[in-house]
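>>> Got a predicted structure plus its sequence, pasted below:
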2 protein chains.
Amino acid sequence: MKKHIVLVAAALAVSGAAVAQQPLKPEEAIKYRQAGYAYMGWSMGKIKANLEGTYNKEQVVAAANTIAAIANSGMGALYVPGSDKEVNGVKTRVKPEFFQKQQEVGKLAMAFNKEANELARVAATGDVAAVKAQFGKVGGTCKACHDDFRMKD
Amino acid sequence: MKKHIVLVAAALAVSGAAVAQQPLKPEEAIKYRQAGYAYMGWSMGKIKANLEGTYNKEQVVAAANTIAAIANSGMGALYVPGSDKEVNGVKTRVKPEFFQKQQEVGKLAMAFNKEANELARVAATGDVAAVKAQFGKVGGTCKACHDDFRMKD
């Protein structure tokens, strides 16, 4: 729970102690957050492939642990002022509303963290049906944020 | 140890079951591996900032867990055939030798994984001096691979 509060606090403050000493440029922050989402996307894809094909528990555990670790890493600190739109040639699909509706963003972030941590827990049990169900819940929290706060392609 | 073997096996095979069902295009593989390295880079920077400034145990733990999870995620599968040079506009700084000196790459990958996992373990103890020492070891394994297998800027 503490992690969630920290994440939300970071999201709300749109800054964070993490970068106090070496302030991130907006374009760097955009690149790092996109890197985090991309790596989680690859990890989600691997879990999906395992659920649809031959199930390799170790691979699913590694992917789920990666998603959970990134979810817990304080991505809120990557939404620095000035990173709400393209800057120095680095594009972003974040909607301006992300920076305005802080309570809503905080709720979505907490839901994602909760389900991602639960996926890591369930993956470790090796219960494929439970992983499948929990994978769907994580995907749902991804989609909820994309629907509200990410521009379409 | 099993994780290391899997990583090395993946590095050696330069393929991997992960992508059996949805083969990654070389340009996708390059983007994903760069995303992983970028996110680890941000995490390393956060730990450095904590060691040089005010130490926040929770933040260091989160960053160290992220580095370890990505290290354990089987990045070897992202070195697919055709990803050894720029492809479809996606650049890479990997040297061709990476794909040839498989034993050397395997050793470096194992060393990095070992030190990254140890950093996560040490971070959880909150022993700042130990974190500092172990952080240096992780950085050393990053540098060892960069020196041998990454082109200069």
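Nice, thanks for sending it over.
>>> quick one, helices of chain A?
Under the criterion DSSP state H, chain A contains helices at A:2-13, A:26-52, A:57-71, A:102-125, A:128-149.
>>> Kindly reformat those helices as a markdown table and extend each row with mean pLDDT and mean neighbour count.
Bear in mind the C-beta positions are built from the backbone N, C-alpha and C, glycine included. Conversion of the helices of chain A to a markdown table gives the following (pLDDT from 0 to 100; neighbours: other C-beta atoms under 10 Å in any protein chain shown):
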| stretch | mean pLDDT | mean neighbour count |
| --- | --- | --- |
| helix A:2-13 | 41 | 17 |
| helix A:26-52 | 98 | 21 |
| helix A:57-71 | 98 | 25 |
| helix A:102-125 | 98 | 19 |
| helix A:128-149 | 98 | 16 |
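>>> From the centroid of chain A, which residue is nearest?
A:A71 (4.8 Å; C-alpha atoms, centre = their mean).
>>> is it true that that residue touches A:F112?
Yes: under the criterion of C-beta atoms under 8 Å, A:A71 makes contact with A:F112 at 6.1 Å.
>>> For the residue of chain A positioned farthest from its centre, report the pLDDT, please.
Most distant from the centre of chain A: A:T54, at 26.3 Å, with distances by C-alpha atoms, centre = their mean. Confidence at A:T54, expressed as pLDDT, is 96.
>>> Can you tell me how far it is from A:A123?
Between A:T54 and A:A123 the distance is 16 Å, computed by C-beta to C-beta, to the nearest Å.
>>> what's the answer for A:K101, then?
Taken as C-beta to C-beta, the span from A:K101 to A:A123 is 32 Å.
>>> can you check A:G106 too?
To A:A123, A:G106 is 26 Å away according to C-beta to C-beta.
>>> for A:K137, same thing?
Taken as C-beta to C-beta, the span from A:K137 to A:A123 is 13 Å.
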